[in-house]
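In: Predicted model, plus sequence, below.
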2 protein chains.
Amino acid sequence: MSIAEAGEFGLIGRIISRLGSGPATLLGPGDDAAVVRAADGRVVASTDVLVEGRHFRRDWCGPADIGHRAAAANLADIVAMGATPTALLVALCVPTGTDPTWVEGLADGLSDEAGLVGASVVGGDMSASPTLTIAVTALGDLGGAAPVRRDGAQPGDILALSGRIGYAAAGLTVLSRGFRTPKLLVEAYRRPAVRYAAGPEAARLGATSMIDVSDGLLQDLGHVATASVVGIDVHSDAFDVPDQMRDAANALGVDPYQWILAGGDDHPLAATFPPGVSLPEGWQVIGAVHDGTGVTVDRKPWTGGGLGWDHFR
Amino acid sequence: MSIAEAGEFGLIGRIISRLGSGPATLLGPGDDAAVVRAADGRVVASTDVLVEGRHFRRDWCGPADIGHRAAAANLADIVAMGATPTALLVALCVPTGTDPTWVEGLADGLSDEAGLVGASVVGGDMSASPTLTIAVTALGDLGGAAPVRRDGAQPGDILALSGRIGYAAAGLTVLSRGFRTPKLLVEAYRRPAVRYAAGPEAARLGATSMIDVSDGLLQDLGHVATASVVGIDVHSDAFDVPDQMRDAANALGVDPYQWILAGGDDHPLAATFPPGVSLPEGWQVIGAVHDGTGVTVDRKPWTGGGLGWDHFR
């Protein structure tokens, strides 16, 4: 059966029945709009879109993987403000020949990833389209705290990272060269393992700025440097290159630092903290903020290649 | 210049500079997420997606028209809950050859339509895609009131409508037959004129159920009838068929009631009210709720044709 045979409302019904309901959901899917708790009196909101062939390939990732990735990309934006995610809304465009079970798998992935942070899918829309496209909006709650923005980094701050970096980009290179292993890297590309709790944790620790590293560390830190009007230096010796990444890099003829410094899709959080902060486990100091502009690696411009993703190129 | 030449961040910068900022915007575009006031402690949220060739055509509508339509489709969902819109987020997928000025026109339309209700575009995402796709999420504030859902209609209630109906569907037929006039109908298709204030007004008047009529009156009332476990009868003599619509219908060989009862895109609000309610100007009684199931026209099943849109067919 194709989704054209199932019909719009039949398919929506099948999907809604698979979605859980989180504690913030006051009115879930099925009406003109959802109603979500925003106890703080403010709501944090972000939208990210994934396009087949550009952000994912169906032969590289199963539907649940793609659901996990789409949810993770959005949930990471919410926690990067220091907020706790509450809800997702999903606009899904699918070719008419798509099997409804594929769409159900996607919904499961979205719902399961949201469930990791106590959020749920509260609404959405669906249309046929020649291009499989998933636009997700995530909502979140600041719990009384100030949002951690990109523009608060100060000279003298330390730069720290929480979460894997370079793994997903390495996995993407592996897949694009036609390989399916090492599993560690390929699985990291298929399903990011975002340290969601690190976002609100950084806010409590007094982070002066924070960003979800989605398009490449140097490029995303460039947004922080520009917004904060500071320079940021990344210390290359701060990164462990795991054996499987080093072996894959050697086998494929790639500099692993290209994955680490310019690769996307892992969604670690990069944050700046006042000097002297005591960072708990899960955070790794990777650089420092100084007077100046731009992003350097070991105080020199990065010459290893592209800085990150431009979604029009 | 194409958007590929402008680059993702160049284009995003050009767009952000064109967007206004509404009173609910605490942190607008440019960070990982926006922060929007939700004074009520709850946020109303809805997502609608428009796909080129299915929901709009660039040769029938200019970029600002498409922006107005995309915003209106979402804002109407918010007011149909009885809420006041506060913010839009926009995920935009555009072919790489698109002219940046087209995208700027779209942003102007989105921003201007949001401005009609004091809302603004607070965030978004952009990607290249073979298929021009616009996914909009709207947020809104209930101002202390209960949301007006689809499941509260009671036998004995009256059914009322606020806003134009059939105009946009007539305009679509006119355009699809290769004509550009009557202007009244074509313009109604290009830019819906939603009576946004009627949503919160209906909530204050004690509406027992409400829906944004986006896919066709009979089909959308079917959702209310199913959710409320009631029957709904529509009185065909309640509708004025304006002269230009009647003339166009005669010229094109179409039953104008097909546009009125099964056409989409005008986004009037349909609501049920307890009997005896005194409805202000702008609301028109068009039927009644009774014990039973399903939707009838003059107590008979509608045999005029399709009930409305299925976005997979």
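Out: That came through, no problem. Only a predicted model underlies this, so the values are computations on that prediction, with no experimental measurement involved. Residues are numbered from 1 along each chain as shown, chains lettered A, B, ... in the order given.

In: Partner strands of the host helix or strand of residue A:50, with direction?
Out: Counting by DSSP states H and E, the element that carries residue A:50 is strand A:42-51. The strands beside strand A:42-51 in its sheet (DSSP bridges) come out as strand A:133-141 (antiparallel), strand B:34-37 (antiparallel).

In: mind putting the ones you listed in JSON lines, mean pLDDT and mean neighbour count included?
Out: For every residue, glycine as well, the C-beta is placed using N, CA and C. Shown next, in JSON lines, are the strands paired with strand A:42-51 (pLDDT from 0 to 100; neighbours: other C-beta atoms under 10 Å in any protein chain shown):
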{"stretch": "strand A:133-141", "mean pLDDT": "98", "mean neighbour count": "30"}
{"stretch": "strand B:34-37", "mean pLDDT": "98", "mean neighbour count": "25"}
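
In: can you list the weak-confidence ranges in chain A?
Out: A:305-313 (pLDDT under 70).

In: Tell me the secondary structure at the residue at minimal distance from the centre of it.
Out: The C-alpha lying nearest the average C-alpha coordinate of chain A belongs to residue A:73 (C-alpha atoms, centre = their mean; 2.9 Å). Under the three-state scheme (DSSP: H, G, I helix; E, B strand; the rest coil), residue A:73 adopts helix.

In: Isn't it up against residue A:215?
Out: No: with contact defined as C-beta atoms under 8 Å, residue A:73 does not reach residue A:215; the gap is 10.4 Å.

In: How many residues are close by the closest residue to chain B within the stretch 151-300 of chain A?
Out: Nearest residue of the stretch 151-300 of chain A to chain B: residue A:212, at 5.2 Å (C-beta to the nearest C-beta). Residue A:212 has 28 neighbouring residues, counting by other C-beta atoms under 10 Å in any protein chain shown.

In: Contacts only, for it.
Out: Residues near residue A:212 by C-beta atoms under 8 Å, 6 or more residues apart in numbering or on different chains: A:76-77, A:79-80, A:220, A:267, A:269, B:32.

In: measure it to residue A:281 for me?
Out: 20 Å (C-beta to C-beta, to the nearest Å).

In: wait, residue A:30 sits on residue B:227?
Out: Yes: counting by C-beta under 8 Å, residue B:227 is a contact partner of residue A:30 at 7.4 Å.

In: joint contacts of the two?
Out: Shared contacts of residue A:30 and residue B:227, counting by C-beta under 8 Å, 6+ apart, come down to residue B:150.

In: Just say helix, strand or coil for the residue nearest to residue A:217 when sequence neighbours are not counted.
Out: Leaving aside its chain neighbours, residue A:217 sits nearest to residue A:261 (5.2 Å; criterion: C-beta to C-beta, 6 or more residues apart in numbering or on different chains). Under three-state DSSP, residue A:261 falls in the helix class.

In: what about residue A:261, neighbour count?
Out: Around residue A:261 there are 26 residues (other C-beta under 10 Å).

In: residues contacting it?
Out: A:166, A:216-218, A:234, A:236, A:297, A:302, A:304.

In: In strands, which of those appear?
Out: Among these, the members found in strands (DSSP state E) are A:234, A:297.

In: most surrounded residue in the contacts of residue A:261?
Out: Per-residue neighbour counts (other C-beta under 10 Å) across the contacts of residue A:261 peak at residue A:217, which has 30 neighbours.

In: Tell me where the stretch 51-200 of chain A has strands.
Out: A:84-94, A:120-128, A:133-141, A:158-162 (DSSP state E, counting those that start in this stretch).

In: Dump the C-alpha coordinates for the first one into PDB.
Out: Same thing as strand A:84-94. Below are the C-alpha coordinates for strand A:84-94, written out as PDB (Å, rounded to 0.1, in the frame of the first residue of the first chain):
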ATOM      1  CA  THR A  84      14.400  21.800  28.400                       C
ATOM      2  CA  PRO A  85      12.500  20.500  25.300                       C
ATOM      3  CA  THR A  86       8.800  20.100  25.700                       C
ATOM      4  CA  ALA A  87       7.300  19.400  22.300                       C
ATOM      5  CA  LEU A  88       7.900  18.800  18.600                       C
ATOM      6  CA  LEU A  89       5.800  19.600  15.600                       C
ATOM      7  CA  VAL A  90       6.500  17.900  12.300                       C
ATOM      8  CA  ALA A  91       5.800  18.900   8.700                       C
ATOM      9  CA  LEU A  92       6.300  15.900   6.500                       C
ATOM     10  CA  CYS A  93       6.400  15.900   2.700                       C
ATOM     11  CA  VAL A  94       6.600  12.500   1.100                       C
END
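
In: neighbouring strands for that strand, and are they parallel or not?
Out: Strand A:84-94 has these strand partners (DSSP bridges): strand A:120-128 (parallel), strand A:133-141 (antiparallel).

In: related to what we said a few turns ago, pick out the most distant pair among the contacts of residue A:212.
Out: The span of the contacts of residue A:212, defined through C-beta to C-beta, is set by A:79 and A:220 at 14.7 Å.

In: Compare the two (neighbour count), which wins?
Out: Using other C-beta under 10 Å as the criterion, residue A:79 and residue A:220 rank with residue A:79 on top: 32 against 24.

In: any idea how far that one lies from residue B:62?
Out: Per C-beta to C-beta, residue A:79 is found 39 Å from residue B:62.

In: same deal with residue A:149?
Out: Residue A:149 is 36 Å from residue B:62, by C-beta to C-beta.

In: Could you check which of these two is surrounded by more residues?
Out: Set residue A:149 next to residue B:62 and count neighbours by other C-beta under 10 Å: residue A:149 wins out with 24 against 16.

In: Tell me where the stretch 51-200 of chain A has helices.
Out: A:63-79, A:100-115, A:167-176, A:183-190, A:198-204 (DSSP state H, counting those that start in this stretch).

In: and if you look at the stretch 201-313 of chain A?
Out: A:217-228, A:243-252, A:256-262.

In: Show me which residues of the stretch 51-200 of chain A sit near chain B.
Out: Neighbours of chain B within the stretch 51-200 of chain A, by C-beta under 8 Å from any C-beta of the partner chain: A:51, A:54-55, A:77-78, A:80-81, A:83, A:87, A:89-93, A:96, A:122-131, A:133, A:135, A:137-140, A:142, A:147, A:149-151.

In: Pull out the buried members of these.
Out: A:51, A:54-55, A:77-78, A:80-81, A:83, A:87, A:89-93, A:122-131, A:133, A:135, A:137-140, A:142, A:147, A:149-150 (16 or more other C-beta atoms under 10 Å in any protein chain shown).

In: which residue packs closest to residue A:50, ignoring adjacent ones?
Out: residue A:134 (4.6 Å).

In: Could you do residue A:1 as well?
Out: Nearest one to residue A:1, counting by C-beta to C-beta, 6+ apart, is residue A:100 at 6.0 Å.

In: so the one you found touches residue A:6, yeah?
Out: Yes: with contact defined as C-beta under 8 Å, residue A:100 reaches residue A:6; the gap is 4.8 Å.

In: Which neighbours do these two have in common?
Out: residue A:14.

In: May I have the residues that are in contact with residue A:198?
Out: A:79, A:162-163, A:269, A:282-283.

In: which non-adjacent residue is nearest it?
Out: residue A:162 (3.8 Å).

In: and that neighbour, how many residues sit next to it?
Out: Neighbours of residue A:162 (other C-beta under 10 Å): 26.

In: any idea how far it lies from residue A:15?
Out: Separation of residue A:162 from residue A:15 (C-beta to C-beta): 33 Å.

In: ok, now which ones touch residue A:137?
Out: A:45-47, A:74, A:88-91, B:45, B:47, B:89, B:91, B:137.

In: switch the cut-off to 10 Å
Out: By C-beta atoms under 10 Å, 6 or more residues apart in numbering or on different chains, the contact set of residue A:137 is A:45-49, A:74, A:87-91, A:122-124, B:33, B:45-47, B:89-91, B:123-125, B:135-139.
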